[in-house]
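# need coordinates for the below:
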Amino acid sequence: QVQLVESGGGLVQAGDSLRLSCAASGRTFSRHAMGWFRQAPGKEREFVAAISWSGNTYHVNSIKGRFTISRDNAKNTVYLQMNSLKPEDTAVYYCALKYGSTWYINADEYDYWGQGTQVTVSS
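Now for the predicted structure:
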């Protein structure tokens, strides 16, 4: 069983930065891919970024150049550094773990989810 706990969300102004963290339980964190998703009110959950066990990353175009996913396997933690935040980034952000080395864009492929952390960006 894996538990994921997100932190770092909050209320910020447009242009500000936040760093989200996702701490994972379990000894095999380093062997698995991790992803960040977000869900805005009234919208479906959408993929944001992912990182393989070896550190290969993928970011969707809408956040590319502003958000960066990274991981620290020694701390069992994955991060999402968010810069130049915009009001349209407002959402609940979730981290997810996918067993295996490869990341996926489809949320259905992920095996474990955190409870989410709220990010609100005011204009």
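# which ones are touching the closest residue in space to Gln13 that isn't next to it in sequence?
Among residues not flanking Gln13 along the chain, Ser122 sits closest, at 5.4 Å (C-beta to C-beta, 6 or more residues apart in numbering). No exception for glycine: its C-beta is placed from N, CA and C like everyone else's. Residues in contact with Ser122 (C-beta atoms under 8 Å, 6 or more residues apart in numbering) are Leu11, Val12, Gln13, Ala14, Pro87.
# okay, now the closest residue to Arg45 other than its chain neighbours: neighbour count?
In space, and not counting its chain neighbours, Arg45 is closest to Gln39: 4.3 Å by C-beta to C-beta, 6+ apart. Counted with other C-beta atoms under 10 Å, the neighbours of Gln39 add up to 15.
# would you reformat the contacts of Ser122 as JSON lines and include neighbour count?
Conversion of the contacts of Ser122 to JSON lines gives the following (neighbours: other C-beta atoms under 10 Å):
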{"residue": "Leu11", "neighbour count": "12"}
{"residue": "Val12", "neighbour count": "17"}
{"residue": "Gln13", "neighbour count": "10"}
{"residue": "Ala14", "neighbour count": "13"}
{"residue": "Pro87", "neighbour count": "11"}
